[in-house]
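K.L.:
Provided below are the primary sequence and the corresponding predicted coordinates.
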Amino acid sequence: NHEYSKFLLRIKDCDDNDVGQLTLMTPKDDLLLAYVYHLRDDKDTCAGDDNDDEDDESDETAEIRGRRNKYNWILQHLKNISGALKEHGQPLLIHSSEITKCLDKWNEEDETRRAEVYLVEEVLPKLWKQLWGNEDRNEKQKTELWSRLLGQLATISRSSDVTGQYCPTIDGVKFPRNEKDYFDDGLPVWIELTWVDWKGRPKKHKKSPYKVRLHANPLDARYCPVHWMIKHWCDRGNDLDPSEPVYKKLSSKVHQKHVSNLFDELDLDGSSHSVRRMAAQWAARCKADINVIKNVGRWSSLDHLVVYLDEGLQTHATIVLDSANGVDPISKFWVFNHGTAVSSMSTPAARLNALAVAC
């Protein structure tokens, strides 16, 4: 029947193994609309590409924290159908007005249930104080959590990007060769990390190196991801195998729990996904180019990102308007991916003194 296209959907588990398959005849509008509603009503359907930080949470917790962004998940399914049709030379999927209306409605509903996002310069000092003032964790545990959290923020990463199978390895780390790319105390201005895979990366690009620079924060050593990564390495000893991850082996689920617990200790509704959204908005406030943010955060498209950036730019405008000198205070706290000038933190004495005072 020329009104239908037949293709096979392969069902895979989280390790990309085939666990089943389904033959579909698609798409007439009424059939496709029924499929869309099925996705929407499926209680086991988790969040889409950008909310994968939360896929380990229970349905109840996810509903409370606003991580059931099914609009993006459904949209991705529709894109996959179109992609399969195109690959086999079939006419592309045309959304009916009814489907478009449903998607628009659900998108508006999802907008009100996003993870809570905080200002970097307001929440990081609170998290720092809570973490280092808590005697339930030892020093190495605090360093590991803080290092991973700052690294996730600075590279706009999902929790899965800094844990488990996707975490960059030590043999992929590169240090600057130019002397000017080091502070006076020997700390590198940046460290280059190499990802070979991440959740949702297209198969044709898997295993090919993708390099992202982790930049130091010269304004405050407490919030310097390079400083804390190196300290974390020192805590792990001098006999680290090059194949080991840059952060100590840990599951994504455990890291998410650690981050959520830290927010909970402050009575804040924050999560690992909050960190990623906060990072994107922070970068926008620092006037980073949208393509730089997309590439650093490894978004497959701008669909999810533009929402976060718009929120960040609105925050920037409000803060600047309210400030006494018309300058965003983030410029004196931590500038995303800075490429210039180092403040008084460039000297060893200033850096160590600030860290000692903070501790």
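P.N.:
Nice, I can see it.
K.L.:
now the strands for the stretch 151-300 of the chain?
P.N.:
Applying DSSP state E, counting those that start in this stretch to the stretch 151-300 of the chain gives strands spanning 190-195, 210-215.
K.L.:
Of these, which stretch is the most buried?
P.N.:
Burial among these, expressed as mean neighbours by mean count of other Cβ atoms under 10 Å, is greatest for strand 190-195, which shows a mean of 20. C-beta: built from backbone N, CA, C; applies to glycine.
K.L.:
between that one and strand 210-215, how many degrees?
P.N.:
Strand 190-195 runs at 150 degrees relative to strand 210-215, counting by axes from the mean of the first three to the mean of the last three Cα atoms, to 10 degrees.
K.L.:
Quick check on the closest residue to Gln165 other than its chain neighbours: phi, psi?
P.N.:
Take Gln165 and drop its neighbours on the chain: the residue closest to it by Cβ to Cβ, 6 or more residues apart in numbering is Asp197, 7.4 Å away. Summarising the backbone geometry of Asp197 under the convention degrees, to the nearest 10, its torsions are phi -160, psi 160.
K.L.:
Was I right to think Asp197 contacts Tyr166?
P.N.:
Yes: assessed by Cβ atoms under 8 Å, Asp197 is found in contact with Tyr166 at 5.7 Å.
K.L.:
Neighbour count: those two, which is higher?
P.N.:
Tyr166 (19 against 15; other Cβ atoms under 10 Å).
K.L.:
My understanding was that the more buried one contacts Trp198; is that so?
P.N.:
Yes: using Cβ under 8 Å as the test, Tyr166 is close enough to Trp198 to be in contact (4.9 Å).
K.L.:
Mutual contacts of the two, please.
P.N.:
Ser160 (Cβ atoms under 8 Å, 6 or more residues apart in numbering).
K.L.:
Assign a three-state SS to the closest residue to Ala288 other than its chain neighbours, would you?
P.N.:
Beyond its immediate neighbours in the sequence, the residue positioned closest to Ala288 (Cβ to Cβ, 6+ apart) is Phe336, lying 5.4 Å away. Secondary structure, DSSP: H, G, I helix; E, B strand; the rest coil: Phe336 is coil.
K.L.:
so Phe336 sits right up against Ala283, yeah?
P.N.:
Yes: shown here, Phe336 and Ala283 form a contact pair, counting by Cβ under 8 Å, at 4.3 Å.
K.L.:
Looking at those two, which is more packed in?
P.N.:
More crowded of Phe336 and Ala283, by other Cβ under 10 Å: Ala283, with 26 against 23.
K.L.:
From Pro218, how far off is that one?
P.N.:
Ala283 sits at a distance of 17 Å from Pro218 (criterion: Cβ to Cβ, to the nearest Å).
K.L.:
Helices along the stretch 151-300 of the chain, start to end?
P.N.:
Secondary structure of the stretch 151-300 of the chain (DSSP state H, counting those that start in this stretch): helices located at 225-236, 252-265, 272-285, 290-297.
K.L.:
what's the first one packed up against?
P.N.:
Right, helix 225-236. Secondary structure elements in contact with helix 225-236, counted by 3 or more Cβ pairs under 8 Å, 6 or more residues apart in numbering; DSSP states H and E, are helix 139-154, strand 190-195, strand 210-215.
K.L.:
Now it: buried residues?
P.N.:
Judged by neighbour count using 16 or more other Cβ atoms under 10 Å, the buried positions of helix 225-236 are Pro225, Val226, His227, Trp228, Met229, Ile230, Lys231, His232, Trp233, Arg236.
K.L.:
Could you do the second one as well?
P.N.:
Of the residues in helix 252-265, those with enough neighbours to count as buried (16+ other Cβ under 10 Å) are Ser252, Lys253, His255, Gln256, Lys257, His258, Val259, Ser260, Leu262, Phe263.
K.L.:
With pLDDT and distance to Tyr118 added, can I get those residues in CSV?
P.N.:
Rendered in CSV, the data for the buried residues of helix 252-265 read as follows (pLDDT from 0 to 100; distance: Cβ to Cβ, whole Å):
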residue, pLDDT, distance to Tyr118
Ser252, 90, 21
Lys253, 89, 23
His255, 94, 18
Gln256, 91, 17
Lys257, 92, 19
His258, 94, 17
Val259, 94, 13
Ser260, 91, 14
Leu262, 94, 12
Phe263, 93, 9
